[in-house]
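J.: Would you be able to build a 3D model of this:
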Amino acid sequence: MAAGETKKCPGPRVRAAGSKPNAHPEPVRPTATTARSSHGADSSRCRLNLDALVPDTVLDGARYGACTLRAVSVRGDSARYRGEPRRDALLTARFGSGERALVLVALATGTRTAPGAHLAAAEVCRWIAAAVGRSHERLAADIRAARRTDLKAGLHRLTDRGLGKLRAAATEQGLDPDDYAASMRCLLLSGDPECRTRVFFGVGPGGLFRLREREWQDIEPEVAEVKGEPVLGFGSAPHETPDGDRLTMDLGIPTPPSPYEPAPGPPREPFRFRTSVARPGDVLLMCGTGFAEPLRGEPGLRAHLADRWSGPEPPGLTAYLADTQVRVKGYADDRTAVAVWEA
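T.: Here you go, the predicted model:
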């Protein structure tokens with residue numbers, strides 16, 4: 001640091017944001033989850049399901065290209081209190097090397113109250129990572145060339161296959177596919193320092209934010225709206241057909257299903273996709289609902305993080321973990337947050 005130059009330090013860390021008291025005045029002491037036996041607790045031939053064990057906290061970080069990555073997933077106070085596993089899953093992976101490298105960060109959240117929610121979340125993260133790894137060269141080239149249309153179509157297909165495999169896995173295990181399910185969101189980063197394009201895609205609720213010049217921007221992609229003229233059976237029906245025939249009154253009698261058509265499947269969550277071009281000094285934040293909801297609902301948390309994360313350097317891993325654990329009244333779910341600082 002040059003003589004006479006001052007370095008601005010971020011404000012002190014706080015343990016809670018907002019004026020209301022927390023439901024848990026003190027941090028809940030982590031309770032270890034149990035490895036369940038597939039043969040019963042009293043069996044002499046018990047086999048522990050070690051795959052079901054989930055760490056209380058996962059923390060990762062590195063520098064790639066022109067950005068610095070921080071990622072954390074922490075079990076919520078509610079799950080800690082009940083001794084339940086963290087439902088959020090987090091996976092970071094780099095494919096390739098040098099300027100052609102591609103970094104994937106995937107997070108998923110299992111269905112609330114479902115016994116195998118954490119397993120479903122971890123499985124969909126692994127499958128997405130494997131699929132991205134197989135196509136990483138093409139994806140990295142598309143990101144560098146800003147081929148948005150190709151990226152959106154390809155990642156949409158990849159996401160549909162991943163969620164389809166999750167439903168198939170539920171059927172094979174004799175589980176309800178609606179219970180063995182997960183929402184998912186991913187971030188793709190290029191290893192090329194000259195490439196500032198950041199790609200987000202996923203399915204289900206959560207948050208995508210950008211901190212620019214100390215101001216938070218909510219850039220979560222909106223669900224596509226239906227546009228165009230109304231058609232029969234969808235939207236507001238016209239009074240007559242294009243040929244001039246008057247339409248009869250709808251008596252509200254349901255049409256019996258056709259024996260030649262398959263039964264309609266459950267409604268699908270809309271696919272979310274966004275590309276953004278980063279500026280030096282930006283912070284891009286992707287998170288699950290457990291962190292997105294308090295960030296949207298508590299101005300004090302937004303102000304605190306804006307102060308902490310607008311410094312000249314990204315926080316270290318320990319500081320980032322502490323920042324994401326600031327507690328807010330009424331929010332006790334798992335917190336998973338992935339932040340990217342632009343050099």
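J.: residue boundaries of the helices in the chain?
T.: Along the chain, counting by DSSP state H, helices occupy 77-82, 117-134, 136-144, 148-172, 289-297, 299-309, 317-324.
J.: quick one: low-confidence ranges for the chain?
T.: Residues of the chain meeting the criterion pLDDT under 70: 1-49, 51, 224-267.
J.: make it 80
T.: 1-52, 113-114, 223-268 (pLDDT under 80).
J.: Show me the strands in the protein, by range?
T.: 16-17, 57-64, 67-74, 88-95, 102-110, 182-190, 197-203, 207-212, 215-218, 271-277, 283-287, 327-328, 335-342 (DSSP state E).
J.: Using CSV, write down the CA coordinates of the last one.
T.: What follows is the C-alpha trace of strand 335-342 in CSV, where atoms were taken according to Å, rounded to 0.1, in the frame of the first residue of the first chain:
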residue,chain,number,x,y,z
ARG,A,335,-28.8,-21.0,4.1
THR,A,336,-27.0,-21.6,0.9
ALA,A,337,-25.3,-18.7,-0.8
VAL,A,338,-22.9,-18.5,-3.7
ALA,A,339,-21.2,-15.1,-4.3
VAL,A,340,-18.9,-14.0,-7.1
TRP,A,341,-16.6,-10.9,-6.8
GLU,A,342,-15.5,-9.3,-10.0
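J.: That strand pairs with which strands, parallel or anti?
T.: Next to strand 335-342 in the sheet, as set by DSSP bridges, lie strand 67-74 (antiparallel), strand 283-287 (antiparallel).
J.: Would you format those as CSV with distance to residue 187 and mean neighbour count included?
T.: Bear in mind the C-beta positions are built from the backbone N, C-alpha and C, glycine included. As requested, the strands paired with strand 335-342 are arranged in CSV below (distance: least, Cβ to Cβ, whole Å; neighbours: other Cβ atoms under 10 Å):
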stretch, distance to residue 187, mean neighbour count
strand 67-74, 9, 24
strand 283-287, 5, 24
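J.: Between the ones you listed, which one is closest to residue 181.
T.: Evaluated over the strands paired with strand 335-342, closeness to residue 181 peaks at strand 67-74, with 18.5 Å, by Cβ to Cβ.
J.: Name the residues that touch that closest one?
T.: The contact list for strand 67-74 (Cβ atoms under 8 Å, 6 or more residues apart in numbering) reads 56-63, 86, 88-90, 92, 103, 105, 107, 189, 278, 314-315, 317, 320-321, 324-325, 334-343.
J.: Among these, name the buried ones.
T.: For those, a burial check counting by 16 or more other Cβ atoms under 10 Å picks out 58-59, 61, 86, 88-90, 92, 103, 105, 107, 189, 278, 314-315, 320-321, 324-325, 334-342.
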